[in-house]
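**Q** this one's structure only:
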């Protein structure tokens, strides 16, 4: 009889993986994934429970943070995921806010209708302006988007139907369904803003994980290589720009749903700079990192600034410099290393 060849023994990692995948028919998630999911669930639970414990002013501040965070996510889709740093997302943020406000004044106070109209109007404007903007790249693209934001800012500052420099006032309180009861309590409005934020995050996550998202990261990592492979990058960049514009418009509808007022000052250069700062501070390309950056920026600008004689912008500048040197990849890119353990000595 001939002996069969000796089969290589499986390693410890292979045996562990096999037992994890086949042991008892149960699938065990890796520990980092499990921890992240538990942390996400706890964060959502805390966000949903805030109106039960906080006063109206902190609830309004939390709602503004969520609306601004969705704007920052739209900036991250272009800056972090696609590699196209932008200063023009405030143009679509303002478009969504003005469209929602006009719908509320002249048509219906339905929050769902305002969300659809505001997002569609912002996405359409992004499609039209992006058709020209995405043909550029680098610092030229940054300057073009800055020009788009300033043009919309100046237009809103002189356009009488939206209140010109006085702003759009008299927006009625929102209702969930057409003809429904208006939402007067700050907690109910906050829950609607939270729903819009979660919907926008879900859309951004699906885009990033889709084939379009892979193409967007390909544009970021090596657009010339994609050209060499025969792939057209213009449609990818235009699609990313349009989707990001729609998300910024949704953020504008969430903002105006709670403030019930919008002025040209809400889409100025400082808002665009703070949004880009939030992306860099939180970690570009991670989606959830810029959300943390938005929380820090709004908290310092709107809350902590009152305790330092209005020097919130100065504190943000110092924070940005410190973050660039200590956290070059942002908060989400920080790596906390465990101290090395010395190996135990074994007796011969």
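**A** Nice, thanks for sending it over. Note that the structure is predicted; figures quoted are calculated from it, not measured. Residues are numbered from 1 along each chain as shown.

**Q** what's the longest helix in this protein?
**A** helix 234-259 (DSSP state H).

**Q** may I see the buried residues of that helix?
**A** Residues of helix 234-259 classed as buried by neighbour count (16 or more other CB atoms under 10 Å): 236-259. C-beta here means a position set from N, CA and C on the backbone, and glycine is covered the same way.

**Q** same question, stretch 256-274
**A** Neighbour-count burial for stretch 256-274, with 16+ other CB under 10 Å as criterion, is recorded at 256-264, 266-268, 271-274.

**Q** any idea of the mean pLDDT for the helix or strand encompassing residue 205?
**A** Using DSSP states H and E, residue 205 sits in helix 186-209. Along helix 186-209, the predicted local confidence has a mean pLDDT of 94.

**Q** what residues does that helix touch?
**A** 44, 47-48, 50-52, 56, 59-60, 62-63, 66-67, 69-70, 73-74, 76-77, 81, 111, 115, 173-174, 176, 183, 213, 216, 240, 243, 247, 250-251, 253-254, 257-258, 287, 291 (CB atoms under 8 Å, 6 or more residues apart in numbering).

**Q** tell me how far the ends of stretch 156-173 are from each other?
**A** Terminal residues of stretch 156-173 lie 22 Å apart, using CA to CA, to the nearest Å.

**Q** for stretch 127-146, that is, sorry about that
**A** 16 Å.

**Q** now do the buried residues in it.
**A** Buried residues in stretch 127-146 (16+ other CB under 10 Å): 127, 129, 130, 133, 134, 141, 142, 144, 145, 146.

**Q** of all these, which comes closest to residue 331?
**A** Residue 331 lies nearest to residue 142 out of the buried residues of stretch 127-146, by CB to CB, at 23.1 Å.

**Q** excluding chain neighbours, what is closest to the residue positioned nearest the centre of the chain?
**A** When CA atoms, centre = their mean is applied to the chain, the residue found nearest the centroid is residue 73 (1.4 Å). Among residues not flanking residue 73 along the chain, residue 204 sits closest, at 5.3 Å (CB to CB, 6 or more residues apart in numbering).

**Q** show me where the stretch 201-348 of the chain has helices.
**A** 211-228, 234-259, 269-282, 288-302, 312-326 (DSSP state H, counting those that start in this stretch).

**Q** for residue 87, which of the ones you listed is the nearest?
**A** The nearest among the helices of the stretch 201-348 of the chain, by CB to CB, is helix 269-282 at 4.5 Å.
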